[in-house]
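Peer 1: Fold the following for me, if possible:
(one chain, ligands or ions: 2)
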Amino acid sequence: MQNKATTRVLEAIRKFYEHLVEPFVGREEEARAITLAILAREHTILIGEPGTAKSALARRAAELIRARFFKYLLTKYTEPSELFGPLDLNALREGRYVRITRGKLPEAEIVFLDEVFNANSAILNALLSIMQERIWYDGYTEIVVPLWTLIGASNRVPEEPELEAVYDRFLVRQYTRPLPESKWAELLDAGWKLEAGLTTKPEPVLDMDTLRQAHKLIFSVNLSRIKHKLLKLYAIFEERGIHLTDRRKTKALKIVAANALLEGRLEATEEDLTVLKYIAPHDIEDFDRVLVILSEELKMPEKYLRELNEIRANVQEAAKLASMLRSYDPRLVDLFRSLKIAKSRVLSIAKDVEDESVRTLAEQVAREIDEVLEKISYKLGM
Ligand SMILES: Nc1ncnc2c1ncn2[C@@H]1O[C@H](COP(=O)(O)OP(=O)(O)O)[C@@H](O)[C@H]1O
Ligand SMILES: [Mg+2]
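Peer 2: Ligands and ions are numbered 1, 2, ... in the order given. Predicted structure coming up:
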């Protein structure tokens, strides 16, 4: 049972995701990655070529949360003072080493660092402890920072060993690819609106308090049903040369639980393990390899339900067409053939998938196909 407060918190999280994804085309994965990281109080990185809406997504995420935000585009020449604030010269004269941090990273809850792997080693070192311990070591002082989530963007996966440690701390990784040709028409419309400023700046839908409550809920998600499968997946990844550090193996659980919450559940199911697609990949090639492993290993009811509904819509179209065609029209033969193929697909889904709702729908669609097949056979004088 969910109490009212829980329901309200889960609704706010859902709303955040929906508002985040809304103006973009084909950026559901990116929006989910950001949402999960924020829920889990972890860091996330979008890796991809320029112009794929990485910055726009991060900006929108920040607008949707009532939080202190800091963003910066890093170059090789970026100095620590640009991120952490300039040295306070008055204090320095008195022999104290203090930075003026107002409006800078040390005071921000949500941070966006574009081209984060351009950071020089002084910045990288500071980022490491800030990301890991939420402590900023500056000169002689140790300061606890309010950072909740760091969103990074980069056009590449780093190869330099000194960047590896920072990369490992981005628990949630998403490879942001340019849209496929089938989405270009939609992109023009959506991009036009964004460029023209027709997409109004959204009102925040989350505040830090609600976010903290949502974050706490993560630890009440029941994970008992998926642990066994998770361990099996870790073994498969390792076997296929996809290595997760122990840190990532542990923290992955938080993202699994966060996904259950985003789906309005307090119990994790196999479907939630699909979030490993954001956690297991290291190199660019890994993103596809992990997807293949997950789709082999996980039964995903949602996916099958979607496919069945698509088949069902096609069957209804076919039924309409069949009723318009005259007897012995050769097109009836084509319809008959494709319905036969659709039916064997539906039956194989019904056989392979254990999920109750998938089975029921598959049986229903199979019956509907049979009805249309019967009508066509009649018209064909079979
Ligand atoms: N998938 C998309 N949906 C809608 N608009 C997009 C999409 N991809 C790119 N755009 C348009 O291109 C602009 C550039 O994106 P930007 O966030 O600067 O990319 P990046 O940070 O990845 O280089 C966006 O502001 C938007 O107008
Ligand atoms: Mg950018």
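
Peer 1: Got the phi and psi for residue 306?
Peer 2: Backbone torsions for residue 306, taken as degrees, to the nearest 10, come to phi -60, psi -50.

Peer 1: burial count for residue 165?
Peer 2: 15 (other CB atoms under 10 Å). (Each C-beta comes from the backbone N, C-alpha and C, glycine too.)

Peer 1: Ignore what I typed, I meant residue 337.
Peer 2: Neighbour number of residue 337 under other CB under 10 Å is 10.

Peer 1: show me the contacts for it.
Peer 2: Shown in contact with residue 337 (CB atoms under 8 Å, 6 or more residues apart in numbering): no residues.

Peer 1: centre of the chain versus the helix or strand that contains it, how much separation?
Peer 2: Assigned by DSSP states H and E, residue 337 falls within helix 331-352. Distance of helix 331-352 from its chain centroid, counting by CA atoms, centre = their mean, to the nearest Å, is 34 Å.

Peer 1: What separation is there between whichever residue of the stretch 251-382 of the chain sits closest to ligand 1 and residue 27?
Peer 2: Residue of the stretch 251-382 of the chain nearest ligand 1, by CB to the nearest ligand atom: residue 284 (15.6 Å). Remark: distance between residue 284 and residue 27 (CB to CB, to the nearest Å) = 18 Å.

Peer 1: Who has more neighbours out of the two?
Peer 2: residue 27 (25 against 13).

Peer 1: pLDDT wise, what is the more buried one at?
Peer 2: Note on residue 27: pLDDT of 95.

Peer 1: That one and ligand 1, how far apart?
Peer 2: Remark: distance between residue 27 and ligand 1 (CB to the nearest ligand atom, to the nearest Å) = 5 Å.

Peer 1: what about stretch 279-289, start to end distance?
Peer 2: One end of stretch 279-289 sits 13 Å from the other (CA to CA, to the nearest Å).

Peer 1: Just want the phi and psi numbers for residue 85.
Peer 2: phi 100, psi 150.

Peer 1: my guess is it meets residue 108, correct?
Peer 2: No: applying CB atoms under 8 Å, one finds residue 85 not in contact with residue 108, separated by 11.2 Å.

Peer 1: Compare neighbour counts for the two and give me the winner.
Peer 2: The residue with more neighbours, out of residue 85 and residue 108, is residue 108; 22 against 19, by other CB under 10 Å.

Peer 1: Next one, pLDDT for the residue lying closest to residue 379 once chain neighbours are set aside please.
Peer 2: Of all residues not flanking residue 379 in the chain, residue 327 sits nearest, at 4.6 Å (CB to CB, 6 or more residues apart in numbering). Listed pLDDT for residue 327 reads 90.

Peer 1: sorry, back to before: what pLDDT is listed against the closest residue to the residue of the stretch 251-382 of the chain closest to ligand 1 other than its chain neighbours?
Peer 2: Spatial nearest neighbour of residue 284, excluding adjacent residues (CB to CB, 6+ apart): residue 157 at 5.8 Å. pLDDT, residue 157: 94.

Peer 1: Measure how far stretch 156-166 is from the centre of its chain, please.
Peer 2: 22 Å.

Peer 1: separation between residue 235 and residue 227?
Peer 2: 13 Å.

Peer 1: thinking again about what came up before, now the common contact residues for residue 85 and residue 108.
Peer 2: By CB under 8 Å, 6+ apart, no residue touches both residue 85 and residue 108.

Peer 1: If you count neighbours, what's buried in the lowest-mean-pLDDT helix or strand in the chain?
Peer 2: Here the helix or strand of the chain ranked lowest by mean pLDDT, DSSP states H and E is helix 184-195, holding a mean of 86. For helix 184-195, the neighbour count (16 or more other CB atoms under 10 Å) marks 190, 191 as buried.
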